[in-house]
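Chemist: give the three-dimensional model of this entry:
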Amino acid sequence: MMTDFTPLASLFGGILIGLAAVILMALNGRIAGMTMIFAGVLDPRNPDSTWRLAFLAGAIAAPAIAVALGAEFSFAAPATGVILALGGFIVGVGVTYGSGCTSGHGVCGLARLSPRSLVATVTFMVTTFATVTLIRHGFGG
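Modeler: Numbering: from 1, shown residues only. Next up is the predicted model:
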């Protein structure tokens, strides 16, 4: 499996993510961690549900608008739905025990110089490296 090298698109996407995180912090004093934003929407007693819904709607609408304007996204998952669901469950357990996700720790936590976020991000990166190495080289993928 070959991965496309897209440094400019990746840089632009990273800038947009960082900008969204800075704007959310500046305007609402909140951290742009998708897991906690989503969890806050699920709690009906949460007074912050309006901005959380708007943030999530933007995260969903932006790619849909890009596709409507002619952008193309390619995605291939060489796994069954069961494996994808299992992976999603494992990620859910991980973000629960890790007190956040990659966007919360990797983008916002590191920007705030959080030691906990540094440990979490290093853990994410090492685990990702090991998984990709095993899948691509260990199991013949």
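Chemist: using the three-state scheme, assign residue 63.
Modeler: helix (DSSP: H, G, I helix; E, B strand; the rest coil).
Chemist: can you tell me which residues contact residue 46?
Modeler: 40, 52 (CB atoms under 8 Å, 6 or more residues apart in numbering). (C-beta placed from N, C-alpha, C; glycine too.)
Chemist: where does it land in three-state SS?
Modeler: coil.
Chemist: how close does it sit to residue 69?
Modeler: Residue 46 is 33 Å from residue 69, where distance means CB to CB, to the nearest Å.
Chemist: flag the shaky bits of the chain, pLDDT-wise.
Modeler: 1-3, 140-141 (pLDDT under 70).
Chemist: grab the most central residue of it for me.
Modeler: When CA atoms, centre = their mean is applied to the chain, the residue found nearest the centroid is residue 103 (5.0 Å).
Chemist: over to it: give its phi and psi.
Modeler: phi -70, psi -40 (degrees, to the nearest 10).
Chemist: got the contact list for it?
Modeler: Neighbour list for residue 103: 17, 21, 32, 33, 34, 35 [criterion: CB under 8 Å, 6+ apart].
Chemist: what's the local residue count around the third one?
Modeler: Spelled out, it's residue 32. 21 (other CB atoms under 10 Å).
Chemist: which residue packs closest to it, ignoring adjacent ones?
Modeler: Distance criterion CB to CB, 6 or more residues apart in numbering; nearest residue to residue 32, sequence neighbours excluded, is residue 21 at 4.0 Å.
Chemist: now the one you found: which helix or strand?
Modeler: helix 7-28 (DSSP states H and E).
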